[in-house]
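Chemist: Predicted model follows, preceded by the sequence.
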Amino acid sequence: MQMTPPAAARRTSFNPHTPSRGFVSLVGAGPGDPDLLTVKGFRVIQQADVVVYDRLVSADILALASDKAEMIYVGKKLDYHCVPQAQINQILVDKALEGKRVVRLKGGDSFIFGRGGEELETLVEQNIRFEVVPGITAAAGATAYAGIPLTHRDHAQAVQFITGHVQKDGQEIDWSSVAQSNSTLVFYMGLKQSGYIADKLITHGLDEQMPCAIIENGTRREQRVFRCPLNQLAQIAQQAQSPALIVVGSVTSLHEKLNWFE
């Protein structure tokens, strides 16, 4: 991918007031399409001495880094963590203490189910300077490319982002509140738990015929969208592969009308 920032961005690529050494930039790479990377994300990746990156960051975005940059893969997928979180935190600390400009590169947005806050807490404890460069979160990007508005005056006035993973310390989602919220529900990392999610929502009062969508590889060329009623979610989920988002709500019925990308 060849990406040229606006002229204003090129003029301000060096800012003498911004720390340039011994500094960590937490960067959200967006949901998949490399063109959704922010201009600031583009700039700090190019200036990085070290890039610590996750599994879902595209090769096109990684190619923006300098040939001299040290590239450290710390990707995770369900039931397998290449590098434990504590070790990732330590890598960031160690590289920053070496005086390096470090980019911690994550898919989507680092503050939405990305553990970005946990990593920054470690940096604070070690008195290491940092900045946060937001990214387009998967829920916003994938649904936009699928023609599914998260809110719509005729369908939903609110949206909830929910993790499909088991909660820390075994805490359970307040399913009654979620099911009766009249919101669009977006489940991250919920493909494996799709049957459990559907059962809980139906048990707590959500219509079993509520329209749903699964968006696989959102915003990427290979994006696929599966639609079904809630009571068929587990069955349809078997056809999809990670990374995928589950969207529950009547807004998903607009996919056929507003689908522009596929």
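Modeler: That came through fine.

Chemist: How many residues are close by the residue nearest to residue 231 when sequence neighbours are not counted?
Modeler: Excluding the flanking residues, the one nearest residue 231 by C-beta to C-beta, 6 or more residues apart in numbering is residue 208, at 4.0 Å. Any C-beta I mention is one placed from the backbone N, CA and C, and that applies to glycine too. The tally of other residues near residue 208 (other C-beta atoms under 10 Å) stands at 13.

Chemist: Check the secondary structure at residue 208 for me.
Modeler: coil (DSSP: H, G, I helix; E, B strand; the rest coil).

Chemist: where do the strands sit along the chain?
Modeler: Taking DSSP state E as the test, the strands found in the chain are 23-28, 50-53, 70-73, 76-77, 80-81, 101-106, 129-133, 159-163, 184-188, 211-216, 224-229, 244-248.

Chemist: Name the residues that touch stretch 201-211?
Modeler: By C-beta atoms under 8 Å, 6 or more residues apart in numbering, the surrounding residues in contact with stretch 201-211 are 175-176, 178-180, 185, 227-231, 248-250, 252-253.

Chemist: Sorry, wrong one. I was asking about stretch 82-93.
Modeler: Against stretch 82-93 from outside (C-beta under 8 Å, 6+ apart): 24, 52, 55, 72-76, 102, 104, 115, 118-119, 122-123, 126, 128.

Chemist: show me where pLDDT drops low in the chain?
Modeler: 1-21, 77-81, 166-170 (pLDDT under 70).

Chemist: go with 50
Modeler: When residues are selected by pLDDT under 50, those of the chain lie in 2, 6-20.

Chemist: May I see the buried residues of stretch 42-59?
Modeler: 42-45, 47-54, 56-58 (16 or more other C-beta atoms under 10 Å).

Chemist: Please apply the same query to stretch 201-212.
Modeler: 201, 202, 206, 210, 211, 212.

Chemist: can you check stretch 91-99 too?
Modeler: Going by neighbour count (16+ other C-beta under 10 Å), the buried part of stretch 91-99 is 91, 92, 93, 95, 96.

Chemist: next one: that stretch to chain centre, how far?
Modeler: Stretch 91-99 sits 25 Å away from the centroid of its parent chain (C-alpha atoms, centre = their mean, to the nearest Å).

Chemist: Can I get it in PDB, CA atoms only?
Modeler: Extracted in PDB, the C-alpha atoms of stretch 91-99 (Å, rounded to 0.1, in the frame of the first residue of the first chain):
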ATOM      1  CA  ILE A  91       8.800  -5.400  26.200                       C
ATOM      2  CA  LEU A  92       7.300  -1.900  26.000                       C
ATOM      3  CA  VAL A  93       9.000  -0.900  29.200                       C
ATOM      4  CA  ASP A  94      12.400  -2.300  28.200                       C
ATOM      5  CA  LYS A  95      12.400  -0.800  24.700                       C
ATOM      6  CA  ALA A  96      11.300   2.600  26.000                       C
ATOM      7  CA  LEU A  97      14.100   2.500  28.700                       C
ATOM      8  CA  GLU A  98      16.600   1.900  25.900                       C
ATOM      9  CA  GLY A  99      15.600   5.300  24.600                       C
END
